[in-house]
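**Q** Give me a model of this one.
(one chain, ligands or ions: 1)
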Amino acid sequence: MDTIILGIESSCDDTSAAVIKNGILLSNVVASQAVHEAYGGVVPELASRAHQQNIVPVVHEALKRAHVTKEQLSAIAFTRGPGLMGSLLVGVSFAKGFARALGIPMIDVNHLQAHVLAHFIKDTADDVAQPKLPFLCLLVSGGNSQIILVKSYNDMEVLGQTIDDAAGEAIDKCSKVMGLGYPGGPIIDRLARQGNPKAFTFSKPHIPGYDYSFSGLKTSFLYSLRDWLKDDPDFIEHHKEDLAASLEATIVDILMSKLHKVAKDLNIKEVAVAGGVSANTGLRNAFHDYAKRYNWNIYIPKFSYTTDNAAMIAITGYFKYLDKDFCTIDKPAYSRVGL
Ligand code: KG4
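**A** As a prediction, this is how the structure comes out:
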């Protein structure tokens, strides 16, 4: 019998639903929320209201594109956390209600685990470019910067993580103070392609072990900018490409050097990247460069599976379904927690 999983994602500002049949993706619908652009960041109350408007049409569209009826579904997987509580509640409540009405199992999914398992999304049956276990995964998003040892689908160990800001958060904040817009990641990426990464130097952290820190870099960026603006009020306009390139290069270097340290210490050559920041061109180039230099086998997800999406929730749900790892209706959403 076919195993058909509907995945639902609503942890932040994207409402998404996806259908996976026997491990192969049939549809992945994402409704992003433009409403936050005017505020320079996600406004939680507006996000949950937009999820409420989007959830039914998005699920409907995902089923329609997959040519699957709700009666054919085997189970419903949903992001239970971590994320914004009001946003999560919409997806969690909808998923529980839908599963209960259909009389099928509900599967709770950890959003961070799902980002890592995005590497196992198959677009076709012969899609085989997947990391071999165990592998290292650099998870870099707006809220997380972690180095994860993936031992199996459901056994992951966080070896290092940021002790303050996440990489994406640092990029977004620096972009905001430059008045470039939100979210900063894609804007910085585009500008960086036209700038000189060696034009400016910003301070790098010296954190022992495998942990990261990005708040020092952010402060160094802000103070430098303040001094430069005193001499030239149009400094940002004149140098935005070089500023973006130098900032991006610093962040990429911080991320890659710690990742390399872990890979070397553990003697692991299977190395993957996941999360929204993995869309970054500089980081992708650095992965290719390290692969050549250190003989790594690298895994970079498709662009559409790097940012928040329900395909990664559905594939995680699929693995949990095979393990009969279901959840009960009383399990609440959670805003913070690790893997
Ligand atoms: O994983 P994600 O979609 O959301 C969560 O954090 O849950 O990641 C969003 C982050 C934002 O900080 C955004 O600026 C960053 O990913 N991002 C990028 C790029 N595209 C998205 N950062 C750098 N370069 C990009 N091309």
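
**Q** Output the set of residues of the stretch 51-200 of the chain in proximity to the ligand.
**A** Taking CB under 6 Å from any ligand atom, the part of the stretch 51-200 of the chain that reaches the ligand is made up of 141-143, 168, 171-172, 183-186, 189. Any C-beta I mention is one placed from the backbone N, CA and C, and that applies to glycine too.

**Q** can we see that at 5 Å?
**A** By CB under 5 Å from any ligand atom, the residues of the stretch 51-200 of the chain that approach the ligand are 141-143, 168, 172, 183, 185-186, 189.

**Q** so which of those comes closest to residue 125?
**A** The shortest distance between residue 125 and any of those, using CB to CB, involves residue 141 and amounts to 29.4 Å.

**Q** could you list every residue that touches the closest residue to the closest one other than its chain neighbours?
**A** Spatial nearest neighbour of residue 141, chain neighbours left out: residue 275 (3.5 Å); criterion: CB to CB, 6 or more residues apart in numbering. With contact set as CB atoms under 8 Å, 6 or more residues apart in numbering, residue 275 has these partners: 115, 139-141, 144, 168, 306.

**Q** Just give me the neighbour total for residue 174.
**A** Using other CB atoms under 10 Å, residue 174 has 24 other residues around it.

**Q** Distance check, the closest residue to it other than its chain neighbours against residue 195.
**A** Counting by CB to CB, 6+ apart, residue 221 is the residue found nearest to residue 174 once chain neighbours are left out, at 5.1 Å. As defined by CB to CB, to the nearest Å, residue 221 lies at a distance of 14 Å from residue 195.

**Q** Ok, residue 185 next?
**A** Distance, residue 185 to residue 195, by CB to CB: 15 Å.

**Q** can you pull the pLDDT of the residue nearest to residue 141?
**A** According to the per-residue confidence, residue 275 scores 93 in pLDDT.

**Q** contacting residues around residue 301?
**A** For residue 301, the set of contacting residues under the criterion of CB under 8 Å, 6+ apart consists of 118-119, 121, 272-274, 278.

**Q** before we move on, which element is it in?
**A** Secondary structure from DSSP states H and E places residue 301 outside every helix and strand.

**Q** Over to it: give its phi and psi.
**A** phi -70, psi 160 (degrees, to the nearest 10).

**Q** mind listing the strands for the protein?
**A** 4-9, 14-21, 24-32, 75-81, 106-110, 135-140, 145-152, 155-161, 270-274, 297-299 (DSSP state E).

**Q** Turn the ones you listed into a markdown table, including mean neighbour count.
**A** A markdown table is the format used below for the strands of the chain (neighbours: other CB atoms under 10 Å):
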| stretch | mean neighbour count |
| --- | --- |
| strand 4-9 | 29 |
| strand 14-21 | 28 |
| strand 24-32 | 20 |
| strand 75-81 | 27 |
| strand 106-110 | 25 |
| strand 135-140 | 26 |
| strand 145-152 | 21 |
| strand 155-161 | 16 |
| strand 270-274 | 24 |
| strand 297-299 | 18 |
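
**Q** Done for today, thanks.
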